[in-house]
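1. Give me the fold of what follows.
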Amino acid sequence: MLIRISVFLVIILCVISLPGYAQKNDNSPYSRYGIGDLTDPNLNHTRQMGGLGASFMDGFHINPVNPASYAFLNSTAFDVGVFAKRTELKDSKATNAFWSGNLEYLSLAFPLRNPINEIYDNVKRDYKLAMAFVLMQHSSVGYDIAATDSTLAGQNFIRNYQGTGGSYKAMWGNAIRYKNLSLGVNLGYLFGKMRYENRVQFDNTEYAYSDLYGNDYNMRGFLWSAGMMYSDILNKKALESNRAIALKRISLGFHANSATSFNTDYTVNHILLQQLPGNIFNTDTIRLEDSIAGKGKLPAEFGIGATYYSGEKFSIGFNYNTALWTNYFNEANGDKKGALKNTQRVSVGGHFRPDYKSFDNFFERVYYRYGVYYASDPRVVRGTQIETYGITFGFGLPFVFQRKVSHMNLGFDLGMRGNNTPISEKFVKISLGVTFNDDEWFLKRKYN
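-> I've put the predicted structure just below:
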């Protein structure tokens, strides 16, 4: 009961605080384009394996990328994740490094029929139902860039570009599994606010006009995705003769969503600010428009993957994902169709666990996860599409909470983005996710 109350309180707290925390983003110049830097939809444990969201299934961990995976849960799972990130930006003249961090997601998923009831009733059912709730960041905007320039007359001025905000999604998922085949769907609501500001500023120059241009907008819309997953045992005959051998299993997954529309209301302001003697400023409003209605469209996307499992000891999988960003547009910031490019992401990864039954060696019960990935970005700089390369690894550390086995997932993502563009980015992202499990939800009591 205590874990249920704790989960409820954490959800309420995070729903209230997530948009506020999410304003503290990276200083990423490329987040100016589109709706910002897209957040990896994988939770921490699948992200440590390069991102195997299409085909990953587990009885104790949540996978919102493919909603069909919910039906493979054997226990209620509550997962919350945070991260810290060190980024190094480099151009032809300078290098700048900084840290950032954020609350990243929270999720709750549970089977609607407790598997323990089947043991009580001595009945094995062919179908399972499950439900999930997920709140996570969808994209982030965060940059603060300044450059010094001069007029033909030799007067120095500063060009400053700033952007803050982001978008978030709240999702409700359901899945049904019949024997080896599972189907699932996520229904979600997208919301967020972005603000962009450009300044041309003459410091300590009397009578000079500084130019301030601002654009901020709210976005909202509905999201959906559907998934299918098939899992089968490869060594059934061997298991019939020897139950002691490791179970060999393969899972195949597919998920997709169509292009989805969103609405915006935005404000545009353009102000001239003149500095007069005596530190007095004269303001002249060139343009001010408020509550302008706009529309936009997010891309259709789909992903496929396969993962092979050797008992509880080993797994390896592959994942491919693509998104049709050429159909994206956003009237609020002037993005038209064709401004962005279609993307793809390819990843390979898995895990190794020496001995999950070990009683005297904690490190033999740990999940050791690994992965590599390549991703193209929808944004194009000087005719070149941005690319990202990375390696991931991490540890799934089991612990006991209220007499239930739960997991702490510590992960690392080392990568490089935009190496083929004027500004390259190297990053190290440290993620921490905690999954609490409870097998007492919907448990039918035999004795009171």
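2. Do a quick rundown of the helices in the stretch 51-200 of the chain.
-> Along the stretch 51-200 of the chain, counting by DSSP state H, counting those that start in this stretch, helices occupy 115-121.
3. Touching, Phe60 and Ser75? I think so.
-> Yes. With contact defined as C-beta atoms under 8 Å, Phe60 reaches Ser75; the gap is 5.5 Å. (Glycine included, C-beta is placed from N, CA and C.)
4. what residues are shared contacts of those two?
-> Common neighbours of Phe60 and Ser75, counting by C-beta atoms under 8 Å, 6 or more residues apart in numbering, are Asn437.
5. Run a quick neighbour tally on Asn215.
-> Look at Asn215: counted by other C-beta atoms under 10 Å, it has 19 neighbours.
6. residues touching it, list them.
-> By C-beta under 8 Å, 6+ apart, the residues touching Asn215 are Arg195, Tyr196, Glu197, Tyr266, Thr267, Val268, Asn269, Ala332, Asn333.
7. And the helix or strand where Gly415 lies, how far out from the chain middle?
-> Using DSSP states H and E, Gly415 falls within strand 404-417. Centre-to-centre, strand 404-417 and its host chain are 13 Å apart (C-alpha atoms, centre = their mean, to the nearest Å).
8. Just the CA atoms of that strand, as CSV, please.
-> Taking Å, rounded to 0.1, in the frame of the first residue of the first chain, the C-alpha atoms of strand 404-417 are listed here in CSV:
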residue,chain,number,x,y,z
LYS,A,404,10.0,-6.5,-3.7
VAL,A,405,12.9,-6.6,-6.1
SER,A,406,13.3,-3.3,-7.9
HIS,A,407,16.1,-1.8,-10.1
MET,A,408,18.3,1.3,-10.3
ASN,A,409,19.5,1.9,-13.8
LEU,A,410,22.6,4.0,-14.2
GLY,A,411,23.5,4.8,-17.8
PHE,A,412,26.0,6.7,-19.9
ASP,A,413,25.7,8.1,-23.5
LEU,A,414,28.9,9.3,-25.2
GLY,A,415,28.4,10.9,-28.5
MET,A,416,29.2,13.5,-31.2
ARG,A,417,26.7,15.6,-33.1
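9. next SSE after that strand?
-> strand 424-438.
10. Mind listing what's buried along that following strand?
-> By neighbour count on 16 or more other C-beta atoms under 10 Å, the buried set for strand 424-438 is 424-427, 429, 431-438.
11. number of nearby residues for Ile316?
-> 18.
12. The one 4 residues further on now?
-> Other residues within reach of Tyr320 by the criterion other C-beta under 10 Å amount to 14.
13. Gly184 too?
-> Residues lying near Gly184 (other C-beta under 10 Å) number 26.
14. That one: what's it in contact with?
-> Gly184 neighbours (C-beta under 8 Å, 6+ apart): 66-71, 130, 173-176, 226-229.
15. try Lys313
-> Each residue near Lys313 by C-beta under 8 Å, 6+ apart is listed here: Ala246, Phe352, Arg353, Pro354, Asp355, Tyr356.
16. Scan the residues you listed and report the most crowded one.
-> Neighbour counts for the contacts of Lys313 (other C-beta under 10 Å) peak at Arg353, which has 19 neighbours.
17. I'd assumed Arg369 was in contact with it.
-> No. The pair Arg353 / Arg369 is not scored as a contact, 9.4 Å apart, by C-beta under 8 Å.
18. Common neighbours of those two, please.
-> By C-beta under 8 Å, 6+ apart, the residues touching both Arg353 and Arg369 are Gly396.
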